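Visitor: Okay, here's the prediction I keep looking at, along with the sequence it came from:
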Protein chains: 2
Amino acid sequence: MSDDVEKPRIRMRDVARRAGVSAITVSRVLSAPDKVAPETRAAVWSAVEALGYVPNLAAGTLKSQRSRIVAAIVPTLRNAIFAETVEGMADALRAEGYQLLLAASGYDPAIEEASVMAFLGRQPDGLILTGIEHSDAVRARLAAARLPVVETWDLGASPIDMLVGFSNYDAGAAITRDLARSGYRRIAFAGTEREARAVQRRAGYRDAVRALGMPATEVAVAAAGLSIADGADVIARLLAEGGGADAVFFANDYLAFGALVECQRRGVPVPGQLAIAGFGDFEIARESLPGLTTVRIPGYAIGREAAGLVMRRLAGAAVDRRIVDLGFEIVRRASA
Amino acid sequence: MSDDVEKPRIRMRDVARRAGVSAITVSRVLSAPDKVAPETRAAVWSAVEALGYVPNLAAGTLKSQRSRIVAAIVPTLRNAIFAETVEGMADALRAEGYQLLLAASGYDPAIEEASVMAFLGRQPDGLILTGIEHSDAVRARLAAARLPVVETWDLGASPIDMLVGFSNYDAGAAITRDLARSGYRRIAFAGTEREARAVQRRAGYRDAVRALGMPATEVAVAAAGLSIADGADVIARLLAEGGGADAVFFANDYLAFGALVECQRRGVPVPGQLAIAGFGDFEIARESLPGLTTVRIPGYAIGREAAGLVMRRLAGAAVDRRIVDLGFEIVRRASA
DNA sequence: ATGAAAGCGCTAACAT
DNA sequence: ATGTTAGCGCTTTCAT
């Protein structure tokens, strides 16, 4: 802990002196090398290497008003759902020299708001949010901040700025109709009420069963409702209630997998006595036995596209499609 | 795209003028409110609110040489393994007003190196890396940068700076001995050679079976070897080879789960004909049928502790334990 | 308890 | 193709 001799940080002018040029030339070599003569460029490069120069981006950001940072807020990283989207963003951003500033909100609007406030001070060039429900304070700040904003994972008529997602309502309705087409007549839904997108899926389910003249049975799941154990719990409650459902549509594949395992534990044949459908098409849906019928969502693509929209807007492109619907796909497997 | 009237950004001096004080007083209210008289503080606060002032942290970082950013690089977010560690970091950092700058390396040392270089320019106050294997260039830069560095998820005698993890070697040896204690006599190992920590687990396995006078059987898994499908593949190859293993220790729970499902598909009784053990104690290990015997790892705690070490060092505390061993725990379930 | 002056390290704007 | 000047918006230092 006794670091006495604090070597002074290497600055751009040190590189410039060594290369026999001025600081601005070093700046150009680093950010617009085409504007510098090849020999000069080489001299600067070798000075940079020799000194181990690392540009201070805080200074650059202050002067240029561009940070090359894009900030993103997702509900959680603790499951595959948003992790893929984050990797999609990170990959796209890295390819263009942008960096990702990340926060997880834990599905808590207050934390989302606090994160937005904290992020804005970093002068991000763009911001990516999950979902279309945000506090008024967030909307007001983002309007004032005049930076590209992309909302994700949902669809809606009036985004803050841009929007990349799919219709959770349509997806919920589509899988419900698909189950009906397969012959199921008493289709239940299970999912959390705490997450806006799961609620949309439920609304799609509800309207679909009504349109089909079938009864609606809904089982609320605790809290975030993302754990496998929550799905097992649903089965216990469904069987105890004796509602006689012949199929259950779960708001995500973890719940559905938990339900599947619980059925196996109890000797309930799937899909013989009870059919099970999930949502997300996570790897577990592909690899479980039987495989899970589910809805495939373009999680990684949502991340890439959201980052792409931000960067295109920053590059000055007039982004024509402010709302991008990446769709979904029903995947039929043996569980339903 | 025709945003003509660019409202000028609100600066600290605008807030100061409205509150009838100088800029430095505003600065103090925001970062050290105790040094300002209560009435002044209130006046500044209401000016901040009224104007919607957001401090420019790039300017603050430039002057103060502190960014309140901690950067972290993990191999991937695409599975529970590191996502928990990242959430542990993010939670701990947010609690202290730090922000997380994140990159995923995809297990590629070149990307890790590029990310370190890119991050350093942001003047992070600390850096958290995964593992203890890093390029010479990375080590050299970090030594020169003089910032707190924490390596994670492993143990070793000579960390760059600080280290939080557990012994993958010991964990591999421990579960192997545990399998032997349960009566298995031909224990195989399956895992990727591409990941340093999996290789350590294998080394522990190898030395343990040797010490027990048992044969070693190793099955290499493709690439990152993190998918459930890779585990199914291992079973196919093991059975084809006919080596007569009675137990398999997999380098992670996804592989083990894939193997379990493949056994069920083929009618191979688990653990009757083949016992299966995993690594990580992910939720899938708890919820599969049968449950997976595995090694529990403190992923979230590693993240919290790593962030905590960085922040304690920044707070000026003489960090005594530069190496923190968070240990592991054998979890016996029905699969072995 | 509050303020004035200075400058962090870079890049935009304007020369040459 | 390269250089000069100025200043981005804060916070440190030193005063009062």
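Guide: Looks like it came in fine.
Visitor: Show me what from chain A comes close to DNA strand C.
Guide: Along chain A, the residues adjacent to DNA strand C under the rule CB under 7 Å from any atom of the strand are A:9, A:11-13, A:23-24, A:27, A:30-31, A:55-56, A:59-60, A:62-64, A:66. Backbone N, C-alpha and C define where each C-beta goes, glycine included.
Visitor: How about the contacts made by the closest residue to A:Gly291 other than its chain neighbours?
Guide: Closest residue to A:Gly291 apart from its sequence neighbours, by CB to CB, 6 or more residues apart in numbering or on different chains: A:Arg333 at 3.3 Å. Going by CB atoms under 8 Å, 6 or more residues apart in numbering or on different chains, A:Arg333 touches A:285-286, A:290-294.
Visitor: Same check on A:Glu195?
Guide: A:Glu195 sits next to A:75, A:107, A:224-225, A:251 when contact means CB under 8 Å, 6+ apart.
Visitor: mind running it again at 7 Å?
Guide: A:107, A:224 (CB atoms under 7 Å, 6 or more residues apart in numbering or on different chains).
Visitor: any weak-confidence spans in the stretch 151-300 of chain A?
Guide: Judged by pLDDT under 70, the stretch 151-300 of chain A has no weakly predicted residues.
Visitor: if we can go back for a sec, would you turn the contacts of A:Arg333 into CSV with secondary structure?
Guide: CSV is the format used below for the contacts of A:Arg333 (DSSP: H, G, I helix; E, B strand; the rest coil):
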residue, secondary structure
A:Ala285, helix
A:Arg286, helix
A:Pro290, coil
A:Gly291, coil
A:Leu292, coil
A:Thr293, strand
A:Thr294, strand
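Visitor: Go ahead and list the helix or strand containing A:Tyr254.
Guide: Here A:Tyr254 is covered by helix A:253-266, with elements defined by DSSP states H and E.
Visitor: Which elements pack onto that helix?
Guide: Under the contact criterion of 3 or more CB pairs under 7 Å, 6 or more residues apart in numbering or on different chains; DSSP states H and E, helix A:253-266 touches helix A:228-241, strand A:247-250, strand A:275-277, helix A:283-287.
Visitor: Deepest-packed of the ones you listed, please.
Guide: strand A:247-250 (a mean of 29; mean count of other CB atoms under 10 Å in any protein chain shown).
Visitor: List of residues touching that one?
Guide: Strand A:247-250 is contacted by residues A:175-176, A:179, A:184, A:187-191, A:205, A:231, A:238, A:256, A:259, A:274-279, A:336 when judged by CB under 7 Å, 6+ apart.
Visitor: Adjacent strands (with direction) for that strand?
Guide: Using DSSP bridges, strand A:247-250 pairs in its sheet with strand A:187-192 (parallel), strand A:275-277 (parallel).
Visitor: re earlier: can I assume the residue nearest to A:Gly291 sits in a strand?
Guide: No. A:Arg333 is assigned coil when assessed by three-state DSSP, not a strand.
Visitor: gap between A:Lys35 and A:Arg28?
Guide: Look at A:Lys35 and A:Arg28: by CB to CB, to the nearest Å, they are 5 Å apart.
Visitor: Of all the residues in stretch A:61-68, which ones are buried?
Guide: The neighbour-count check on stretch A:61-68 (16 or more other CB atoms under 10 Å in any protein chain shown) flags A:61-62, A:67-68 as buried.
Visitor: before we move on, the earlier item: quick one, phi psi at the residue nearest to A:Gly291?
Guide: Here is the backbone geometry of A:Arg333 (degrees, to the nearest 10): phi -130, psi -160.
Visitor: same deal with A:Phe166?
Guide: phi -160, psi 170.
Visitor: And it, how far from A:Ala301?
Guide: A:Phe166 sits 10 Å away from A:Ala301, going by CB to CB.
Visitor: Contacts only, for A:Ala224.
Guide: Contact partners of A:Ala224, counting by CB under 7 Å, 6+ apart, are A:107, A:192, A:194-195.
Visitor: is it fair to say it lies in a strand?
Guide: No. Looking at A:Ala224 with three-state DSSP, it is coil, so not inside a strand.
Visitor: Can you get me the start-to-end distance on stretch A:157-175?
Guide: 23 Å (CA to CA, to the nearest Å).
Visitor: Please list the outside residues in contact with it.
Guide: Under the criterion CB under 7 Å, 6+ apart, residues A:132, A:139, A:142, A:148-156, A:197, A:200-205, A:207-208, A:249, A:277, A:295, A:297, A:302, A:305-306, A:309, A:319, A:322-328, A:330 lie in contact with stretch A:157-175.
Visitor: hmm, 6 Å instead?
Guide: Stretch A:157-175 has contacts (CB atoms under 6 Å, 6 or more residues apart in numbering or on different chains) with A:139, A:142, A:149-155, A:197, A:200-201, A:203-205, A:208, A:249, A:277, A:295, A:302, A:305-306, A:309, A:322-324, A:326-328, A:330.
Visitor: which parts of it are buried?
Guide: The neighbour-count check on stretch A:157-175 (16+ other CB under 10 Å) flags A:159-175 as buried.
Visitor: give me every residue that touches A:Phe279.
Guide: A:251-252, A:294-295.
Visitor: I misspoke; the intended subject was A:Asp230.
Guide: Here A:Asp230 is in contact with A:221, A:255 (CB under 6 Å, 6+ apart).
Visitor: Packing partners of the helix or strand A:Ala144 falls within?
Guide: Secondary structure assignment for A:Ala144, by DSSP H and E: helix A:136-145. Applying 3 or more CB pairs under 6 Å, 6 or more residues apart in numbering or on different chains; DSSP states H and E, one finds that helix A:136-145 makes contact with helix A:109-120.
Visitor: how about the helix it packs on, does it reach chain B?
Guide: Yes. Contact of helix A:109-120 with chain B (CB under 6 Å from any CB of the partner chain) involves A:Leu120.
Visitor: Could I have the CA atoms of the helix or strand that that helix is followed by written out in CSV?
Guide: Following helix A:109-120 in sequence order, the next helix or strand is strand A:126-130 (DSSP H and E). This file holds the C-alpha atoms of strand A:126-130, laid out as CSV (Å, rounded to 0.1, in the frame of the first residue of the first chain):
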residue,chain,number,x,y,z
GLY,A,126,-27.8,6.1,-26.5
LEU,A,127,-30.0,4.2,-24.1
ILE,A,128,-31.8,0.8,-24.3
LEU,A,129,-34.6,0.0,-22.0
THR,A,130,-36.6,-3.2,-21.5
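Visitor: Against which helices or strands is strand A:126-130 packed?
Guide: By 3+ CB pairs under 6 Å, 6+ apart, strand A:126-130 packs against strand A:69-74, strand A:149-152.
Visitor: now that strand: mean pLDDT?
Guide: For strand A:126-130, the per-residue pLDDT values average out at 97.
Visitor: do stretch A:34-51 as well
Guide: 95.
Visitor: picking that back up, which residues are in contact with both of A:Phe166 and A:Ala301?
Guide: Common neighbours of A:Phe166 and A:Ala301, counting by CB under 6 Å, 6+ apart, are A:Leu326.
Visitor: Domain ranges for chain A, per the record?
Guide: Chain A breaks down into these structural domains: A:12-55, A:68-166+A:299-327, A:168-296 (assignment by automatic domain parsing).
Visitor: Need those in a markdown table (columns: distance to B:Ala216).
Guide: As requested, these are exported to a markdown table (distance: least, CB to CB, whole Å):
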| stretch | distance to B:Ala216 |
| --- | --- |
| domain A:12-55 | 45 |
| domain A:68-166+A:299-327 | 33 |
| domain A:168-296 | 28 |
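Visitor: what's the closest of these to DNA strand D?
Guide: Among the domains of chain A, domain A:12-55 comes nearest to DNA strand D, with 3.4 Å by CB to the nearest atom of the strand.
Visitor: what's the span of the closest one, first residue to last?
Guide: Domain A:12-55 end-to-end distance (CA to CA) = 7 Å.
Visitor: chain center to it, what's the gap?
Guide: Mean-position distance between domain A:12-55 and its chain equals 39 Å (CA atoms, centre = their mean, to the nearest Å).
Visitor: Show me which residues of chain A sit near DNA strand D.
Guide: Applying CB under 7 Å from any atom of the strand, we find that chain A lies next to DNA strand D at A:21-25, A:28, A:35-37, A:39-41, A:59, A:62-63.
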